[in-house]
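[1] below are the sequence and a predicted model for it; my questions follow.
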Amino acid sequence: MSLRNARMTDAELDKLDRQILMALQGDLDDSPEPYARIAEALDIPEGEVIRRVKKMKSEGIIRRIGAMIRHIEAGISFNGMVVWRVPPERLDEVGNRLAEFPEVTHCYERIPFGDKGGSLFTMVHAPSREGCMEIVRRLSEAVEVEDYEILFSKRELKKVSMTYFDEEAADEE
Amino acid sequence: MDQRDRDLLNEIQADFPVGPHPYRVLGQRLGMNEREVLERIAGLKQEGVIRRLGASINSRKVGFVSTLLAAQVPEKKLDEFVAIVNACPGVTHNYERDHRYNVWFTLISPSADDKERTIRSLVERTGIDILELPAKKIFKIRVNFKF
């Protein structure tokens, strides 16, 4: 999906939607019924919370609900940002093809970068640097693009989830 | 982490159920009871494997602007640069990378104006140029790991 499309479908959120997102942007507590807890706090029926969460998921406002993983603790210590130089007429084809690989977690077109002037950016993750390189070799063969550079991670300096909604933002009507 | 933890991680990364008893539903998919699911999740949080359980929100759809920034930071200025950048609440990911551009971070801002102000302020305070590489097209954003 292009950014333009994403903007054109900007969703309208009301106060309750924002309050629900405020609860879900953090960490669910250990309650076996998390949606009921959110409903209680907002003084609305649980069914209303569930209906709104499903709607926001279907609209793509909530990309996913699930566990956010710390790769390093999970043994996936290395990531490589691969910058591919692809002829303009092949950009969409190669971008879509690379995005299909489960090893590729992110794939974007950006403005040209670096000595090679590559504009297709993918992220790959593996337990080792060699593992990353092996994945990239397979990707390169699959899309028949040999012009790329890999920027390996040396150190994770920060990783947090964004706080989109605070009390003030949730109260805006 | 045992095999049942790995099965659970594969299941809950992408598809945490939206319904009254999500952990019971997860358990049914995995052949565990609700209590085992809750206990294993608590354990994985404690070990630091799970950072949080919640929603990943599409920043653009809620009116925010996100971008990727890179800088060439001399070794002796690295700690100071990272401290200033990381203090920004909108900086969510930051990596040191093995490249002449050695610091790469993402910035999420409430508006395009706010983004410009933040970048300008970072450049002024650190004395280091920052290269912006905004996305022109998104082919995939999906952080799912296979365990």
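    Nice, I can see it.
[2] all contacts plus neighbour counts: C-alpha atoms, from now on.
    Fine.
[3] how's chain B carved up into domains?
    Chain B resolves into domains spanning B:3-46, B:59-133 when parsed by automatic domain parsing.
[4] next one: chain A
    According to automatic domain parsing, the ranges for chain A are A:2-68+A:161-172, A:78-152.
[5] before we move on, back to that, is it possible to export the domains of chain B to CSV including distance to A:Glu46?
    Shown next, in CSV, are the domains of chain B (distance: least, Cα to Cα, whole Å):
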stretch, distance to A:Glu46
domain B:3-46, 8
domain B:59-133, 23
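[6] can you give me the neighbour number for residue 46?
    Looking at chain A here, since you left the chain open. 19 (other Cα atoms under 10 Å in any protein chain shown).
[7] chain B is the one I meant
    11.
[8] and the gap between it and B:Ile138?
    From B:Gln46 across to B:Ile138, the span is 34 Å (Cα to Cα, to the nearest Å).
[9] now A:Ile62
    Distance of A:Ile62 to B:Ile138, given as Cα to Cα: 17 Å.
[10] tell me which of these two has more neighbours.
    Set A:Ile62 next to B:Ile138 and count neighbours by other Cα under 10 Å: A:Ile62 wins out with 23 against 19.
[11] which non-adjacent residue is nearest that one?
    Using Cα to Cα, 6 or more residues apart in numbering or on different chains and skipping residues adjacent in sequence, the residue nearest A:Ile62 is B:Ile57, 4.6 Å away.
[12] pick the most deeply packed of the domains of chain A.
    domain A:78-152 (a mean of 18; mean count of other Cα atoms under 10 Å in any protein chain shown).
[13] now do the contacts for B:Glu36.
    B:Gly27 (Cα atoms under 8 Å, 6 or more residues apart in numbering or on different chains).
[14] before we move on, what about B:Leu44?
    When contacts are counted by Cα under 8 Å, 6+ apart, B:Leu44 touches B:1, B:5, B:50.
[15] in strands, which of those appear?
    Per DSSP state E, strands hold the following members of the contacts of B:Leu44: B:Ile50.
[16] in the contacts of B:Leu44, which has the lowest confidence score?
    Lowest pLDDT within the contacts of B:Leu44 is found at B:Met1 (86).
[17] for that residue, give me its contacts.
    Contacts for B:Met1 (Cα under 8 Å, 6+ apart) come out as B:Leu44.
[18] what are the pairing partners of the longest strand along chain A, and which direction each?
    Using DSSP E to define each element, chain A has its longest strand at strand A:148-159. Using DSSP bridges, the strands paired with strand A:148-159 in its sheet are strand A:78-84 (antiparallel), strand B:91-97 (antiparallel).
[19] in JSON lines, list these along with distance to B:Met32 and mean pLDDT.
    As requested, these are exported to JSON lines (distance: least, Cα to Cα, whole Å; pLDDT from 0 to 100):
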{"stretch": "strand A:78-84", "distance to B:Met32": "32", "mean pLDDT": "94"}
{"stretch": "strand B:91-97", "distance to B:Met32": "34", "mean pLDDT": "96"}
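[20] those strands: which one's closest to A:Met68?
    Smallest distance to A:Met68 across the strands paired with strand A:148-159 (Cα to Cα): 13.2 Å, for strand B:91-97.
[21] what is the mean pLDDT for the helix or strand following that closest one?
    Scanning forward in sequence from strand B:91-97 by DSSP states H and E, the next helix or strand is strand B:103-109. Per-residue pLDDT over strand B:103-109 has a mean of 97.
[22] sweet, I'm off.
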